[in-house]
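[1] just a sequence and a predicted model for now, questions to come.
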Amino acid sequence: MPNPNPTRRQVLTTTAAAVGGAMVPYWLTGSDAQAAQVAAKNDRPRIGAIGIGGRGSAVLGLAAKFGDVVAVCDVDRNHAERARQRHGGKATIFDDYRKLLDRNDIDVIVNATPDHWHTAVNVAACRAGKDIYTEKPLTLTIDEGKILSKVVEETKRVVQVGTQQRSERAFQNAVELVRNGRVGKLKQVWIALPYYTTKAAPFASEPVPSHLNWDLYQGQAPQHEYCRQRTHSNFRWWYEYAGGIITDWGNHHMDIAHWGADCELTGPVSIEARGMFPNHGAPDSFNTPDRFFSRMLYPNGVEMLYFSSVNDRQRYGGVANEHVEMTPEKIATLFGDNCPDEIKSFDRNGIMFIGDQGRIFVNRGGVYGKPVDELKDNPLPDDAWRVPPSNDHMGNFFECVKTRHEPVSPVRIQHRTISACHLTNISIRLNRKLAWDPETQQMVGDDDANSWQKREQRTPHQIHA
């Protein structure tokens, strides 16, 4: 169905085509885009940014290379003021994203809200006729992913998920080598996340700062008294707003595992996971696990071992205490039987692909293994399977805004990626093995587990299909 309210970008695109390309296209990427920035200043897409804290500020800086920031939105007024000043001092400030989306002259949305707001903003932006660059994790629940997938398909919007590892050559090399058989028949994939300790004393409630709209920040989540540890960088350690390390870093590394194993549009058939909760359910404390182990079997016979690398110890947010000591007893409880000993003492994060003829490890430091070493003398043939070309994740998004092609990290793929992470969390919280049908996207014979695909949402912030 034609859009009865075309965006400024759509009008410009139509006009450019009508005059035979006489206008300089604002959507060029790379060096061409930089050269066109002055000549086509008035033809650049207009960007509205929603959620502009630390990560949002960084992502908006990347987007601003390709378009003009005309509106910023954050429930924290200080964030919004800083963003406006950083991008020319003229952008309109909003604290309610719905008012920003009402502007017909905005073409592109950059969404870097906390996790529990991702889907609501993305659904509304699609329905408002905007294209979207959205931060990961893509969703808060599996059900949200189903809703968003349907809306993206219906509206035909371009939505790029911020799993930027897809545009980094090391990960592309690893995936191409595995998909072209350089490790032989793929048997197992290890997906190792860093261990961010979330051990911390209960947090006391505080007066709500005058610059923060606390009710709107909470959105669909259950209402709580304010404490600063529920906001900004530390929101990810509360199930109310996120899924912990399992969905945070997990969306990145699980994506590469699925890509290399050719499982992008499917999911596990069984999931058995365990986790350690350092605060033992104490009220007003971080409540996601900081160490976990998940064993998943996929329809093609590949087994994925998904875990926190307990010796890759990192900190985030500045409020956690010392790391909890991992005793031999805790190691045995966490990893169980039939887990490779190497995993129990792993000291790095990344993805290990293991085949019957070799293995490849890749992370943000590079790609390693005998098949990599042999590549110089034995390159992949010209007809080898290749990843979609992209060396600039944000640039790929803006190029697709122009061409209407699918970006390298689309919703239909990332919904499956984050679903595997959500299933791990569900297995941990139910403390039992799950059977999952990736075709129907339902637990097999388990109504209780199926009920965990969604969460109760506070009025008036429910997300509707």
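    Arrived safely. None of these values were measured; they are calculated from a predicted model. Numbering: from 1, shown residues only.
[2] which stretches of this protein have low pLDDT?
    Where the chain drops to pLDDT under 70, the residues are 1-42, 317-321.
[3] could you redo the last one with a cut-off of 80?
    1-43, 315-323 (pLDDT under 80).
[4] got the domain ranges for it?
    The chain resolves into domains spanning 8-165, 168-380+412-453 when parsed by automatic domain parsing.
[5] just checking the distance from the longest one to the centre of its chain.
    The gap between the average C-alpha position of domain 168-380+412-453 and the chain average comes to 12 Å, counting by Cα atoms, centre = their mean, to the nearest Å.
[6] in what helix or strand does Gly275 lie?
    Under the criterion of DSSP states H and E, Gly275 resides in strand 270-276.
[7] quick one: contacts of stretch 142-151?
    Residues from elsewhere that reach stretch 142-151 (Cβ atoms under 8 Å, 6 or more residues apart in numbering): 118-119, 122-123, 126-127, 138-139, 411-412, 415, 418-419, 422-423, 441, 453-454, 463-465. C-beta: built from backbone N, CA, C; applies to glycine.
[8] identify each buried residue in that stretch, please.
    Residues of stretch 142-151 classed as buried: 142-149, 151 (neighbour count, 16 or more other Cβ atoms under 10 Å).
[9] Gln229 touches Pro202, doesn't it?
    No. Assessed by Cβ atoms under 8 Å, Gln229 is found out of contact with Pro202, at 9.9 Å.
[10] more neighbours, these two?
    Gln229 (23 against 12; other Cβ atoms under 10 Å).
[11] count of residues packed around the closest residue in space to Asn279 that isn't next to it in sequence?
    Leaving aside its chain neighbours, Asn279 sits nearest to Ser285 (3.9 Å; criterion: Cβ to Cβ, 6 or more residues apart in numbering). For Ser285, the tally of surrounding residues (other Cβ under 10 Å) stands at 19.
[12] report all helices and strands that the strand holding Gly275 contacts.
    Judged by 3 or more Cβ pairs under 8 Å, 6 or more residues apart in numbering; DSSP states H and E, strand 270-276 is in contact with strand 291-297, helix 328-335, helix 411-430, strand 434-437.
[13] flag every buried residue along the third one.
    Residues of helix 411-430 classed as buried by neighbour count (16+ other Cβ under 10 Å): 411, 413-429.
[14] ok, now the shortest one?
    Neighbour-count burial for strand 434-437 flags 434, 436 (criterion: 16+ other Cβ under 10 Å).
[15] neighbouring contacts of the helix or strand that it is followed by?
    Per DSSP H and E, the first helix or strand lying C-terminal to strand 434-437 is strand 442-443. For strand 442-443, the surrounding residues in contact (Cβ under 8 Å, 6+ apart) are 434-437, 449-450.
[16] okay, these in CSV with distance to Gln223 next?
    Below are the contacts of strand 442-443 laid out as CSV (distance: Cβ to Cβ, whole Å):
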residue, distance to Gln223
Leu434, 30
Ala435, 35
Trp436, 32
Asp437, 35
Ala449, 27
Asn450, 26
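[17] please save the CA atoms from the host helix or strand of Tyr217 in CSV.
    Following DSSP H and E, one finds Tyr217 within helix 214-218. Extracted as CSV, the C-alpha positions of helix 214-218 are listed here (Å, rounded to 0.1, in the frame of the first residue of the first chain):
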residue,chain,number,x,y,z
TRP,A,214,11.3,8.5,35.8
ASP,A,215,7.8,7.2,34.9
LEU,A,216,8.5,7.4,31.2
TYR,A,217,11.9,5.8,31.7
GLN,A,218,10.2,2.7,33.3
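[18] that helix: which residues count as buried?
    The neighbour-count check on helix 214-218 (16+ other Cβ under 10 Å) flags 214, 217-218 as buried.
[19] helix/strand/coil for Leu193?
    The local conformation at Leu193, judged by DSSP: H, G, I helix; E, B strand; the rest coil, is strand.
[20] if I pick it, what's in contact with it?
    245-246, 249-250, 253, 306-309, 349.
[21] among those residues, which ones are in helices?
    Counting by DSSP state H, the contacts of Leu193 place 245-246, 249-250, 253 in helices.
[22] want to throw the domains of the chain into TSV with distance to Ser390?
    Shown next, in TSV, are those (distance: least, Cβ to Cβ, whole Å):
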stretch	distance to Ser390
domain 8-165	10
domain 168-380+412-453	8
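[23] for Asn396, find the nearest of the ones you listed.
    For the domains of the chain, the distance to Asn396 is smallest for domain 8-165, at 6.9 Å, taking Cβ to Cβ.
[24] the closest one: how far from the chain's middle?
    On the basis of Cα atoms, centre = their mean, the separation between the geometric centre of domain 8-165 and that of its chain is 16 Å.
[25] find the residue at the geometric middle of this protein.
    Lys136 (1.9 Å; Cα atoms, centre = their mean).
[26] strands of the stretch 51-200 of the chain, start to end?
    68-73, 92-94, 108-111, 131-134, 159-161, 186-196 (DSSP state E, counting those that start in this stretch).
[27] export those to TSV and tack on distance to Leu100?
    As requested, the strands of the stretch 51-200 of the chain are exported to TSV (distance: least, Cβ to Cβ, whole Å):
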stretch	distance to Leu100
strand 68-73	5
strand 92-94	5
strand 108-111	8
strand 131-134	13
strand 159-161	17
strand 186-196	32
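[28] quick one: closest of those strands to Pro389.
    Of all the strands of the stretch 51-200 of the chain, it is strand 159-161 that lies closest to Pro389, at 14.7 Å by Cβ to Cβ.
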